[in-house]
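Novice: 3D, please:
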Amino acid sequence: MPAVEVKDVWRSFGKKTVLRGVSFEVEEGEVFGLLGPNGAGKTTTLRIITGILKPDKGDIIVYGKSVVREREEVRRMISYLPEESDVYLRLTGYENLKFFAMIYFDDPKEREEAIEEGIKIANLGDAIHNLTKTYSKGMRRRLALARTLMVRPKLAILDEPTSGLDVYSSIKVRDSIKEFVKKTGASVILSSHNMLEVEYLCDRVAFIVNGKIITIGSPEELKREFNAKNLEEAFVKATEVGEGAA
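Specialist: Next up, the predicted model:
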């Protein structure tokens, strides 16, 4: 059974249809990428999977539970990193992790284990005890990612995890995601504009344009399918084919 099944999901805002029958599956332990331009429907798809938004039509099954009918049960299995997520600037890095752990765990031992895990994922050294208002954007993003992954969700949903970060910070974030999946066997769904990031991180990728999935495959499969040197070129060719068929 797939970890996630997205089934014919439609969503409109007013008269604008944002998602048009989006369907895909994510296997357990897989990193699945949604790749598309601004306005393609990536963030809307992720928010529907988390239960933040409801689909107009369709359903999402997460580890056998329906997001539409069993939203609270699904949300207990999920951790979500929005693109605009930030940290509490008046707290230290450590205090941010502790605060989040207290929300998730009642047991003191589980809380401490989660905090220690978060410290490792953030990899901020002694700066973990500094106020986060002194952090760079990259440091804050690494802390936000640590806060998301330290609770060991069965499914982590990451919206543009390295958006606006420099090369060094982006590498740190990508390595943390890879290590998380290797260590826990959890599934990850992420959206990104960064083709290099998607090619490095993702087992499979879905190209989404104008609310529709154009094609799905591993980065290597997509490059072969579209006779492309890299994923960026494959995406451009796939988009041209999709528009031609519309």
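
Novice: Beta-bridge partners for the residue nearest in space to the middle of the chain, please?
Specialist: Nearest to the mean C-alpha position of the chain, by Cα atoms, centre = their mean, lies Leu158 at 2.0 Å. Leu158 has these beta-bridge partners by DSSP bridges: Leu81, Leu190.

Novice: give me every residue that touches it.
Specialist: 81, 145, 148, 177, 188-191 (Cβ atoms under 8 Å, 6 or more residues apart in numbering). No exception for glycine: its C-beta is placed from N, CA and C like everyone else's.

Novice: gap between it and Lys98?
Specialist: 22 Å (Cβ to Cβ, to the nearest Å).

Novice: what distance separates the longest helix seen in the chain from the centre of its chain?
Specialist: Longest helix in the chain by number of residues (criterion: DSSP state H): helix 167-184. The chain centroid and the centroid of helix 167-184 are separated by 12 Å under Cα atoms, centre = their mean, to the nearest Å.

Novice: so what secondary structure elements neighbour it?
Specialist: helix 108-122, helix 137-149, strand 155-159, strand 187-192, helix 195-201 (3 or more Cβ pairs under 8 Å, 6 or more residues apart in numbering; DSSP states H and E).

Novice: mind exporting stretch 81-93 as CSV, just the C-alpha atoms?
Specialist: Provided in CSV are the C-alpha atoms of stretch 81-93 (Å, rounded to 0.1, in the frame of the first residue of the first chain):
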residue,chain,number,x,y,z
LEU,A,81,7.2,23.1,6.7
PRO,A,82,5.6,26.0,4.9
GLU,A,83,7.7,28.1,2.5
GLU,A,84,7.1,31.2,4.7
SER,A,85,7.7,29.3,8.0
ASP,A,86,9.9,31.2,10.5
VAL,A,87,11.0,30.7,14.1
TYR,A,88,10.3,32.7,17.3
LEU,A,89,12.9,35.4,17.3
ARG,A,90,12.7,36.2,21.0
LEU,A,91,13.7,32.6,21.9
THR,A,92,17.0,30.8,21.5
GLY,A,93,17.3,28.0,19.0
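
Novice: Alright, that wraps it up for me.
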